[in-house]
Every structure is written in C-alpha cells, then in structure tokens.
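Novice: need the 3D shape of this:
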Amino acid sequence: MKSLEIISSLPQWAKASPSAILDSPAFMMPCRIGDETSELRHAQVEPAESELLALSVEFGGEPHELFIARSPRFPELDKIWDSRSELPEPILVALVEKECGPLFQMLENAVRKQMRLIGCLEVSKFGSLEKDQTSNPPTLRPSSFLALQTSTDPAIVFSLTRSNAVVSVLGTLRNLDLSHESIRSQTLPAECEYAAFAAADADLATLAPGDAVLVQEVGTVPPKLVVDGRFVVDTNGVAPVEKDALVHVRAAEGRAVSLGEAFDAVENPLSLPSAEQGAQLKLVKDGRLVASGRLDKLADHLAFIVEG
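Specialist: Coordinates of the predicted model:
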C-alpha cells in the first residue's frame, strides 16, 4: 500500500466531504504557473481590501468572483495598481488578461472548466465579501470564498468563489499533503502480532485457565502491527488486512501508531522485537478474543499459558 491508499482506507478520510478535505490545513494541490511547477495551499495572510483586484469570471458558464492580490508577479499591472480605478475598464481588462494569463490557465486546469474573464468589480461595492472588523486594519473575511496562494517566489495570493464546482474538484484526497503534521500526527489503535496458527473451534472452546497452547511460531516469523484492523505494517511494508480463519497471537495491550509512522513504513519497513518470555498475550480469531494469558516455556517449547 502507498500512503494515499493507507489514508483512503480510513473511514474518517474516505468518507470526508470535499469541503472538509479542502478545509484541512494539509490541503495542497500540485499545479503549474506557466512553465513553473507550483503548489496551491491555503493563503497564509489575507490581503487588505486595497491590495485586491476584483474580477468577474466564469467557469463553464457559471459566474464566479476572483480576487487577486497585488504581486510583483504581475509587473505591468503593479505599475498602474494605485490608479487602476482610473483606467477605462476595457484597457484594464486587457492588461489583466495579458499579465494574469498563466494564473487563469492554472485555475482553468484546476477547476477543469473553461474560464472566461467577464470584467472588473469594485471590491468596496461588492457586498458578498464580509469585513472582519476584529482585525486591524479590517480585512476581507472569505466566508464564501476560498483564499489560496501559490508556492512560487513571489507567491500569487487570490480568493475564489467557494462554489460546489470548485469545492468538489479541489476537495479530493489526492490534494492532501501527507507530509503535513496535521495528517502525520493522527494516531490509530494498533496491536502487535507475533504469530498465527490454525486451530479447530472445538479445541478453542475447551480452553481453560492453566491450559498450554504450543506457539512455536512465535519468534520464527517477524512480528507485525495490525493497525485499526485495516492494514498491516511489517518488514514487507504496509498491506491490507486479509481475513482468515487462523488464531492470531497478539500483545495483550494495544498501542497507538501515527499515520506518519505508517507512511514511513511504506519506504522503510518496520522492525519489531519479538515477544519475550512472560509477556502478556491474547489469542484472537475472527476479531473475537479467545483467551488471555502469558508466553512461557513448556519443556523446551514456547507456549501460551491460558489465564482467562
């Protein structure tokens, strides 16, 4: 399993809405600005109103608003920025199309709909953008807008209407930065498994405290972690859990495994110590606890001594 397959196997992510994925601090979408490879992430700083150029655009015929922050990435536009309201709109629109063409192409590719620039808007007169009066000076609060920036140097910062079309196409699991700490730090329950063997249900049903079950497999196979009952982390990397009819010998106490540890094990397989004599263990079959006990020796053989 690759890292994306791991996170896709977890219900909390597999069932996450596009909006929840898009709102994650780990959101990151690879993109291109002209010939430059870049990434789209949430904007770190929201520009003040005076630093925004408000545009009316369409994606596939659906109206959207696009607010672009002043940037040296657009040198000709930057020269007339402070007097842009004095320019005739056709001239300003033509300059915007020329300067911002690579950005528009990137957005068209990202949204997967043809983009068309309709014209310019006056930010101060555009009522659907709320002002956050708690900030000093007050800035635009994108409650219905998506504030993003590119990883280019310098960055391009912009806000785009948070429409269903935009959210649905951007809010996918492949647009998560799996190296982000908010993802890597998430923990999952795990159990260390030392061996598995076949046994008849009738034999298991007769187990009682004091009985011994030979578990010579312990120590002969590398231990592995069964994470959230969904995937296995071992010396071979990470693989989905496969259902079987075997009895599994596992540590009595579980442990927590971070997603970061699981991701790392994809490239650097995990090596776990084997169970030592006296270790508290349990027998599990079909997800059901069969018996609890300890690892001990019976003559020269390792055995599971049933305690409960």
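
Novice: and for Asn164, the neighbour number?
Specialist: Here the count is done by other CB atoms under 10 Å, and Asn164 has 10 residues near it. No exception for glycine: its C-beta is placed from N, CA and C like everyone else's.

Novice: what about it, distance to Glu51?
Specialist: Taking CB to CB, to the nearest Å as the measure, Asn164 and Glu51 are separated by 28 Å.

Novice: what's the neighbour count on the spatially closest residue to Lys285 that is not a sequence neighbour?
Specialist: Taking CB to CB, 6 or more residues apart in numbering, and ignoring the residues beside it in sequence, Lys285 has Val247 as its nearest neighbour in space, at 4.9 Å. Applying other CB under 10 Å, we find 23 residues neighbouring Val247.

Novice: next one: phi and psi at Val247?
Specialist: The phi and psi torsions at Val247 (degrees, to the nearest 10) take the values phi -100, psi 130.

Novice: same deal with Pro154?
Specialist: Comment: the main-chain dihedrals of Pro154 come out as phi -80, psi 160, following degrees, to the nearest 10.

Novice: wait, doesn't it sit right on Pro75?
Specialist: No - with contact defined as CB atoms under 8 Å, Pro154 does not reach Pro75; the gap is 11.1 Å.

Novice: what ranges do the helices span in the stretch 101-250 of the chain?
Specialist: With DSSP state H, counting those that start in this stretch as the definition, the stretch 101-250 of the chain shows helices at residue ranges 101-111, 164-170, 181-184, 201-205.

Novice: mean pLDDT and distance to Ser258 added to those helices, as CSV?
Specialist: Written out in CSV, the entries for the helices of the stretch 101-250 of the chain read as follows (pLDDT from 0 to 100; distance: least, CB to CB, whole Å):
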stretch, mean pLDDT, distance to Ser258
helix 101-111, 96, 30
helix 164-170, 95, 26
helix 181-184, 97, 6
helix 201-205, 88, 34
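
Novice: mind listing what Gln280 touches?
Specialist: Neighbouring residues of Gln280 by CB atoms under 8 Å, 6 or more residues apart in numbering: 251-253, 292-294.

Novice: which pLDDT value goes with it?
Specialist: Gln280 is assigned a pLDDT of 94 by the prediction.

Novice: roughly how far apart are it and Gly254?
Specialist: According to CB to CB, Gln280 stands 12 Å off from Gly254.

Novice: for Ser179, same thing?
Specialist: In this view, Ser179 and Gly254 are 26 Å apart by CB to CB.

Novice: sorry, back to before: return the distance of the residue nearest to Lys285 relative to Arg288.
Specialist: Per CB to CB, Val247 is found 10 Å from Arg288.

Novice: again, but for Arg73
Specialist: Between Arg73 and Arg288 the distance is 61 Å, computed by CB to CB.

Novice: show me which of the two is the more surrounded one.
Specialist: Shown here are Arg73 and Arg288; by other CB under 10 Å, Arg73 has more neighbours (22 against 8).

Novice: the closest residue to that one other than its chain neighbours and Ile33, how far apart?
Specialist: In space, not counting the residues next to it along the chain, Arg73 is nearest to Ile156; the distance is 5.4 Å by CB to CB, 6+ apart. Using CB to CB, we find Ile156 at a distance of 7 Å from Ile33.
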